[in-house]
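K.L.:
Quick one: sequence and predicted model below, then my questions.
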Number of protein chains: 2
Amino acid sequence: MRHVVETTPLSEPVFFVLASLSRAPRHGYALMKDIQTLSEGRVRLSTGTLYGVLRRLLEDQWIERFDTGDTARDKQSYRITATGSEALRQESIRLNQLARIALPLIGPQEA
Amino acid sequence: MRHVVETTPLSEPVFFVLASLSRAPRHGYALMKDIQTLSEGRVRLSTGTLYGVLRRLLEDQWIERFDTGDTARDKQSYRITATGSEALRQESIRLNQLARIALPLIGPQEA
DNA sequence: CGCAACATGTCGGTATGCGACATGTCGTCG
DNA sequence: CGACGACATGTCGCATACCGACATGTTGCG
């Protein structure tokens, strides 16, 4: 019997952290910046939110720390794990379901 | 200058309640059933969640009670308001943004 | 008669978002 | 040199929300 992955919706902060790390590994501050860009300015995480999310994602091993051999700043970074990628993939499916459900409700206008 | 609508993400329960009422007015129990159908079995709201959501939506006037002249059962129902519709429309836009962001991250497979 | 589905609600534990606060470094401009 | 803004990481506490468990009553059917 198939083990269906626990699919509680991801919060917006969690989604964006995973999405950003899925593009490239980054440290916390860089995440804040990239998420602003990625969301076209809509989402700005406070540090309270960000570091709380990072702690939980580390605990669940959806992301991991790693050491870029880089100079000084930017040495410690976070990277998404296979588990995290899978969660993001599941979320993407859910998001598409919701978008599909929502579309007909908003009338014809809106691209 | 434009007053940009406060656009905190809707939770999944809130989204589905609005989406369901957007198709037709319903009472609480009918909502639970319709949301199961609408979500293709994925979402099952507990009564604790449902009635909490309904109370808040009423307070914010995103939905309202009204009396169908109907017989006995099913008289009291909830109906979405213009404010609620607008919120749902905003959410739909957000959802499409997220879906668009998530899609390229999950690889080519997946319809 | 009894049971399942219908129908509505409360309560409490737990988690989370997030603003405010705290701390320190680096680079640059006057 | 001094100061300031961006870089960088974190904690604390409040408010809110989800949701399982519990409580209650009704309707219809076998």
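P.N.:
Sure thing, it's come through.
K.L.:
Tell me which residues touch A:L31, please.
P.N.:
Contacts for A:L31 (C-beta atoms under 8 Å, 6 or more residues apart in numbering or on different chains) come out as A:V17, A:S20, A:L21, A:L45, A:L50, A:Y78. Where C-beta positions appear, they are placed from N, C-alpha and C, glycine not excepted.
K.L.:
Show the model's pLDDT score for the most centrally placed residue in chain A.
P.N.:
In chain A, the centroid-proximal residue (C-alpha atoms, centre = their mean) is A:L18; its distance is 2.3 Å. pLDDT, A:L18: 97.
K.L.:
again with A:T49
P.N.:
Reading off the model, A:T49 has pLDDT 97.
K.L.:
Remind me which helix or strand the residue nearest to it when sequence neighbours are not counted belongs to.
P.N.:
Spatial nearest neighbour of A:T49, chain neighbours left out: A:P13 (5.1 Å); criterion: C-beta to C-beta, 6 or more residues apart in numbering or on different chains. According to DSSP states H and E, A:P13 maps onto helix A:12-23.
K.L.:
neighbours of the closest residue to DNA strand C within chain A, just the number please.
P.N.:
Of all residues in chain A, the one sitting closest to DNA strand C is A:G48 (1.8 Å; C-beta to the nearest atom of the strand). Applying other C-beta atoms under 10 Å in any protein chain shown, we find 8 residues neighbouring A:G48.
K.L.:
tell me the secondary structure for it?
P.N.:
Of the three states, A:G48 takes helix under DSSP: H, G, I helix; E, B strand; the rest coil.
K.L.:
swap in A:F66?
P.N.:
A:F66 ends up strand, using three-state DSSP.
K.L.:
Check which helix or strand the closest residue in space to it that isn't next to it in sequence maps to.
P.N.:
Excluding its sequence neighbours, the residue lying closest to A:F66 (C-beta to C-beta, 6+ apart) is A:R79, at 5.3 Å. Per DSSP H and E, A:R79 falls inside strand A:76-80.
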